[in-house]
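K.L.:
Just to be clear, the model below is a prediction. Sequence and coordinates:
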Amino acid sequence: MGNILDYLAWRGDLPLSRVPFGAVDALVLAVLSYVRFGGLVPAGERVPLGRAAEGYLALPPARRRGRERDLDLLRALAEAPRFSGMELCRYADRFVPEEESQFAALTVLTGDGSSFLAFRGTDGTLVGWKEDFNLSFLDVVPAQLEAAEYVRTWAEEFPGPVTLGGHSKGGNLAAAGACLCPGKVRDRIGRVYSFDGPGFGPYLLARPGYQELRTRIRSLVPQSSVVGLLLGHEEPCAVVASDQEGLLQHNPYSWQVLGPGFIRVEGVDAGSRMIDRTLKGWLAGLTCQQRETVAGTLYELLSSGDARTVKEALQPANLVSALRAALGADPKDLLTVAASLARLGGAALREAT
């Protein structure tokens, strides 16, 4: 058994002409979208993946943002003939706090006449977190509309088959982008991969685009999934083995691979089902207005200091700023937050006993 890095070591020398593009390849490229290729994949140009990887690895450490495992991935991709000759283009990375929107995507020309559109998941910023929560009370969030536009404009330029994918919120964006784009574009989409990505609310589930693509969307989650079970899913879902426990299974580097595919398990575990019931029951007990109040109030409090990321918001100095901001907040909003969190705690306690 191994992970996607082992997959590259084992099978990175096999061209697509010998072994067609599959789900593990899709996860590799979905994870690649987390790399910040700004300046290395210029607008209007196509850059070999191997060259882009080497360019990023040559950057001073202070300019490389991301996980150490992503650097290992780039090294492996640069040395893998299966991937190194693929071309990258249309790198997009937009962060608009005023619109509560975080969107990033990358197009990969796979070399077999098709393309893969990879959408980045949440980047750890407070804005990204807020947009994730907005999914629970808005029909459509800005990043989903951007994803649809990204797909549409690429389809106008590229005549071949298109595959989409992403991890976490990136999986949601891949599915939303496919479902919201015009019908003539949907006809060209062969597969959409959502790797532990949250689902949709009633509005998008009922859209003709989702119903049309439902059998072409592939949702894959680890056995202790939390994120990937959120909101509604009607598409096929497979459960993948992970070498981590609990929430750490959300990390795509923990997903287990053997040969050309993932190691599958029968279903999610009891803990995952319990958390899923707890969260869905909690959300069902809140009106859309209450969900919006909870998300908006917490965001305003956590962003009242110098914090821009969730990690920074939890530092003592920024927590003090949040407490000070709470003194000036609307008491009714604070009461809504407190009541909703108490309801969540009560639901979790009932599920555990």
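P.N.:
Thanks, I have it.

K.L.:
any weak-confidence spans in the stretch 151-300 of the chain?
P.N.:
298-299 (pLDDT under 70).

K.L.:
quick one, what contacts Gly171?
P.N.:
Ala30, Phe119, Gly121, Gly165, Tyr193, Ser194, Phe195, Asp196, Gly197, Pro198, Ser219, Gly228 (CB atoms under 8 Å, 6 or more residues apart in numbering). Every C-beta, even on glycine, is put in place using the N, C-alpha and C of the backbone.

K.L.:
surely Ile4 meets Gln256?
P.N.:
No - in this structure Ile4 lies outside contact range of Gln256 using CB atoms under 8 Å: 9.8 Å.

K.L.:
So for those two, which residue has more residues nearby?
P.N.:
Ile4 (24 against 18; other CB atoms under 10 Å).

K.L.:
Look up the closest residue to the more buried one, ignoring the ones flanking it.
P.N.:
Val28 (5.3 Å; CB to CB, 6 or more residues apart in numbering).

K.L.:
and that neighbour, how many neighbours does it have?
P.N.:
That count, for Val28 with other CB under 10 Å as the rule, works out to 25.

K.L.:
for it, helix, strand, or coil?
P.N.:
helix (DSSP: H, G, I helix; E, B strand; the rest coil).

K.L.:
Leu106 now?
P.N.:
strand.

K.L.:
who's it bridged to?
P.N.:
Bridge pairing for Leu106 (DSSP bridges) gives the partners Ala118.

K.L.:
Who are the contact partners of the spatially closest residue to Phe133 that is not a sequence neighbour?
P.N.:
Excluding the flanking residues, the one nearest Phe133 by CB to CB, 6+ apart is Ala295, at 4.1 Å. Contact analysis of Ala295 by CB under 8 Å, 6+ apart lists Lys130, Phe133, Asn134, Ser136, Phe137.

K.L.:
From Pro48, how far out is Gly160?
P.N.:
Per CB to CB, to the nearest Å, Gly160 is found 18 Å from Pro48.

K.L.:
Next: Val294.
P.N.:
Applying CB to CB to Val294 and Pro48 gives a distance of 46 Å.

K.L.:
When these two are compared, which one has more neighbours?
P.N.:
Val294 (22 against 16).

K.L.:
Kindly confirm my reading that the more buried one forms part of a helix.
P.N.:
Yes - when three-state DSSP is applied, Val294 is found to be in a helix.

K.L.:
Assess the claim that it and Cys288 are in contact.
P.N.:
No - counting by CB under 8 Å, Val294 stays clear of Cys288, with 10.9 Å between them.

K.L.:
Now do the strands in this structure.
P.N.:
Taking DSSP state E as the criterion, the chain carries its strands at 47-48, 87-96, 101-109, 115-119, 162-167, 189-195, 217-222, 237-240, 257-258, 261-262, 264-265.

K.L.:
nearest to Trp282, of those?
P.N.:
strand 217-222 (19.9 Å; CB to CB).

K.L.:
Strand partners (parallel or antiparallel) of the closest one?
P.N.:
Here, using DSSP bridges, strand 217-222 pairs with strand 189-195 (parallel), strand 237-240 (parallel).

K.L.:
For the stretch 201-350 of the chain, which segments count as helices?
P.N.:
Secondary structure of the stretch 201-350 of the chain by DSSP state H, counting those that start in this stretch: the helices cover 202-205, 208-213, 270-284, 288-302, 310-313, 316-327, 331-352.

K.L.:
Kindly report the same for the stretch 51-200 of the chain.
P.N.:
Under DSSP H, counting those that start in this stretch, the stretch 51-200 of the chain gives helices at 68-79, 81-84, 126-134, 142-157, 169-180, 183-186.

K.L.:
tell me the most buried of the ones you listed?
P.N.:
Of all those, helix 169-180 has the most neighbours on average by mean count of other CB atoms under 10 Å, namely a mean of 29.

K.L.:
roughly how far apart are Gly39 and Leu29?
P.N.:
20 Å.

K.L.:
Looking at the two, which one has more neighbours?
P.N.:
Each of Gly39 and Leu29 has its neighbours counted (other CB under 10 Å); Leu29 has more, 25 against 11.
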